[in-house]
Every structure is written in structure tokens, then in C-alpha cells.
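Participant: sequence first, predicted model second:
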Amino acid sequence: MNGLTAEEKFGDGLAEHERFRGEYPIVVEGLVNRFGKQTVHENLSLKVKRGEILGVVGGSGTGKSVLMRSIIGLQRPSEGNIKVFGRSITDAEPDEDIGVRNRWGVLFQGGALFSTLTVGENVEVPLKQFYPELSANFRHEIARYKTILSGLPEDAVSKFPSELSGGMKKRAGLARALALDPELLFLDEPTAGLDPIGADKFDKLTKELQQTLGLTVFLITHDLDTLYAICDRVAVLADRQVIGVGTIPELLATDHPWIQEYFNGPRGRAAQSSQKRADKKTSGAMDKPTVTGA
Ligand SMILES: Nc1ncnc2c1ncn2[C@@H]1O[C@H](COP(=O)(O)OP(=O)(O)OP(=O)(O)O)[C@@H](O)[C@H]1O
Ligand SMILES: [Mg+2]
């Protein structure tokens with residue numbers, strides 16, 4: 001690879017630091033994931049639109065986290081094709097640099113902060129990995145900025161994860177996910193375990209980041225309030241596939257029992273009416289983009 005220009009290296013006319021301009025930064029086709037005798041995904045397909053917050057829902061164990069891990073190349077699928085920014089993750093060798101890993105940020109389920117590093121040092125980990133040539137001062141400065149951008153007070157930079165509340169840990173994880181100015185943000189259950197006010201604040205921050213930084217967000221959640229408040233579309237995992245993708249009204253128009261039970265059950269209805277109240281308070285509800293197939 002050494003000595004090649006970015007264009008030669010990536011072959012699609014995109015310079016190394018140019019942003020993706022296609023319609024779908026993530027395209028999953030015919031994905032199969034098996035663990036021994038258990039088939040988690042069978043012929044699963046999904047397209048994520050550039051600039052959207054896509055909520056990903058499904059019962060526990062339906063394979064939401066495995067899907068995310070497959071997309072970011074941590075879980076080699078049994079079959080299928082996954083493209084991120086138009087480049088095939090599934091065709092790449094495990095250690096091959098296809099120029100995409102520094103263009104996404106990930107907040108793992110549970111946070112996954114390094115407990116022996118401060119918040120600032122955690123945020124610096126991807127900076128060191130991908131931009132080792134940066135000076136230490138510059139790295140500290142970026143880490144400080146990302147920490148504040150994620151809604152933490154400045155003094156959190158020098159704190160260890162054990163000194164933070166659950167909500168602060170999520171924000172620290174978010175700061176690390178934002179370290180490399182990603183175009184794509186993966187959030188696995190970001191509001192799990194937060195109180196409703198903390199969850200609401202985190203949702204607002206996610207929406208703000210999507211809009212100000214032009215992010216595409218792949219957001220796994222069980223939180224119905226999050227789906228109503230900030231997701232442009234929702235993908236539903238069940239029966240080892242994506243059984244529906246669209247706005248919530250579009251999903252409600254289908255008659256799949258899981259979808260009906262999920263959105264029309266007592267919790268779904270409560271989330272819907274609280275969103276209606278919030279919409280009334282703020283003039284001008286969010287525009288929802290139109291749907292295309294999964
Ligand atoms: N590395 C692995 N080896 C074997 N089985 C696995 C592995 N990773 C996941 N699984 C299995 O795949 C299934 C899907 O797991 P996954 O973590 O994706 O579920 P999920 O939808 O994210 O659930 P939750 O909502 O509880 O987070 C589970 O049955 C899990 O036990
Ligand atoms: Mg999970």
C-alpha cells in the first residue's frame with residue numbers, strides 16, 4: 001500500500017479525508033451469522049441512509065449487537081456482504097486497512113472505557129492509534145474539546161471511570177467515539193440504565209450532534225422515548241432478519257405482531273403520547289425523511 005496515492009489506494013476517486021457523498025453509508029446484504037447450531041441472522045439486509053438517525057430495535061438476543069459488530073468488522077459473518085462508505089468490510093482481510101476504521105466512532109453496550117485510564121486518556125486512545133504523529137499537546141487539546149462537546153464538565157478530563165456516574169460514563173464513551181471526527185456513529189444502548197431526565201438529555205445531545213456534525217447514527221435501543229424523540233427511521237429485528245424499516249407511522253401500518261405489540265403496547269402508547277406533548281411545546285415537529293426498503 002505504501003507509495004500509493006489515496007485515489008490509487010481506495011480506487012473510487014475519493015481522497016482519503018473526503019466525506020462520503022453516496023446515499024447509503026452502510027449497506028448490508030444477505031447477512032448470515034451462526035454460532036454453532038444457533039443462527040442469529042439469516043439473509044438479513046439493511047441500508048442506512050446518509051445523515052439519518054436509524055433506531056435499531058428487537059427483543060433481547062435478536063442479534064442487534066452482533067449486527068453492529070459485523071458492520072464494524074469485529075464479527076466475521078458466516079455469509080453475506082457488508083459495505084461501509086462503499087467499501088466491502090466482508091471482503092477485507094482481518095487486518096487490512098480499507099480506509100474506513102478512522103471514519104466511524106463506537107459507543108459499545110456497557111461503555112467499555114479503559115478503567116486504568118482517565119477520561120482524557122480514553123479519548124486519546126483512538127487518536128494515538130490512527131494519528132501517532134500528533135503532538136501530545138494537540139492530542140490533549142482534542143481530548144479536552146471532545147469531552148466538553150459530549151456534555152461533561154472540563155474537570156472530568158482528569159477523572160477515572162470509577163469516579164464517574166453512569167450517565168457521565170456514557171458521555172465519556174461518546175467523547176471517545178467522537179475523537180476522530182467520525183461521519184458515522186454507532187451507539188449500542190446509550191440510554192440504558194440512565195434516569196429519564198438523563199436519557200432525555202443524552203437523546204438531545206445525539207440529535208444535536210447529528211445535525212451540527214452531519215453524522216449518520218446507527219442507534220441500538222430498547223428506549224421507546226428515544227425512538228419517538230430522535231430517530232428518523234427505525235429498523236426492527238425479529239425472526240433473524242430486519243422485518244421492517246421506516247418511520248414509526250410506517251411501521252405501525254404493517255401488521256407484524258411484534259411491531260404492533262411493541263409500538264401499540266402500553267409502553268409504546270405512553271412514549272407516543274409523551275412525544276405528542278413535547279411536539280406541542282416546541283413549534284415545528286421534526287421532518288421525517290421518506291422510507292425506502294430495507
Ligand atoms: N461471540 C459469540 N459467540 C457465541 N454466541 C454469541 C456471540 N455473540 C453473540 N452471541 C449470541 O448471539 C445472540 C445475539 O446476541 P446479541 O448480543 O447481538 O443480542 P442483542 O440483540 O444485542 O441483545 P440485547 O438487547 O440483550 O443486547 C445471543 O443469543 C448471543 O448469545
Ligand atoms: Mg446488545
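Facilitator: Received, thanks. Everything numeric here is computed off the predicted structure, so don't read it as measured data. Ligands and ions are numbered 1, 2, ... in the order given.
Participant: packing partners of the longest helix seen in the chain?
Facilitator: For the chain, the helix with the greatest residue count under DSSP state H is helix 196-213. For helix 196-213, the packing partners by 3 or more C-beta pairs under 8 Å, 6 or more residues apart in numbering; DSSP states H and E come out as strand 53-58, helix 166-177, strand 184-188, strand 216-220, helix 224-230. All C-beta spots, glycine's among them, are computed from the backbone N, C-alpha and C.
Participant: assign the residue in the chain positioned nearest to ligand 2 to helix, strand or coil.
Facilitator: Closest contact between the chain and ligand 2, by C-beta to the ion, is at residue 65 (3.2 Å). The three-state assignment at residue 65 reads helix, by DSSP: H, G, I helix; E, B strand; the rest coil.
Participant: number of residues surrounding it?
Facilitator: Using other C-beta atoms under 10 Å, the number of residues around residue 65 comes to 19.
Participant: please name the residues that touch it.
Facilitator: The contact partners of residue 65, by C-beta atoms under 8 Å, 6 or more residues apart in numbering, come to 109, 188, 220.
Participant: for the first one, which non-adjacent residue is spatially closest?
Facilitator: In space, residue 109 comes closest to residue 188 once its chain neighbours are excluded; the distance is 4.0 Å by C-beta to C-beta, 6 or more residues apart in numbering.
Participant: now the one you found, which residues is it bridged with?
Facilitator: Beta-bridge pairing for residue 188 (DSSP bridges): residue 220.
Participant: and it, how far from ligand 1?
Facilitator: 7 Å (C-beta to the nearest ligand atom, to the nearest Å).
Participant: likewise residue 117?
Facilitator: On the measure of C-beta to the nearest ligand atom, residue 117 and ligand 1 end up 25 Å apart.
Participant: what sits against that residue?
Facilitator: Going by C-beta under 8 Å, 6+ apart, residue 117 touches 125, 160.
Participant: sec struct for it, please.
Facilitator: Under three-state DSSP, the three-state class of residue 117 is coil.
Participant: re earlier: tally of neighbours for the residue nearest to residue 109?
Facilitator: Residues within reach of residue 188, counting by other C-beta under 10 Å, total 22.
Participant: spell out which residues of the protein are next to ligand 2.
Facilitator: Residues of the chain lying close to ligand 2 by C-beta under 5 Å from the ion are 64-65, 109.
Participant: tabulate the residues you listed (a markdown table), appending pLDDT and distance to ligand 1.
Facilitator: Formatted as a markdown table, the residues of the chain next to ligand 2 follow (pLDDT from 0 to 100; distance: C-beta to the nearest ligand atom, whole Å):
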| residue | pLDDT | distance to ligand 1 |
| --- | --- | --- |
| 64 | 96 | 4 |
| 65 | 95 | 3 |
| 109 | 83 | 6 |
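Participant: closest to residue 261 among these?
Facilitator: Of all the residues of the chain next to ligand 2, residue 261 sits closest to residue 64, with 17.6 Å by C-beta to C-beta.
Participant: which residues sit in contact with that closest one?
Facilitator: Residues near residue 64 by C-beta under 8 Å, 6+ apart: 56-58, 188, 220, 237.
Participant: for it, which non-adjacent residue is closest in space?
Facilitator: Leaving aside its chain neighbours, residue 64 sits nearest to residue 220 (4.6 Å; criterion: C-beta to C-beta, 6+ apart).
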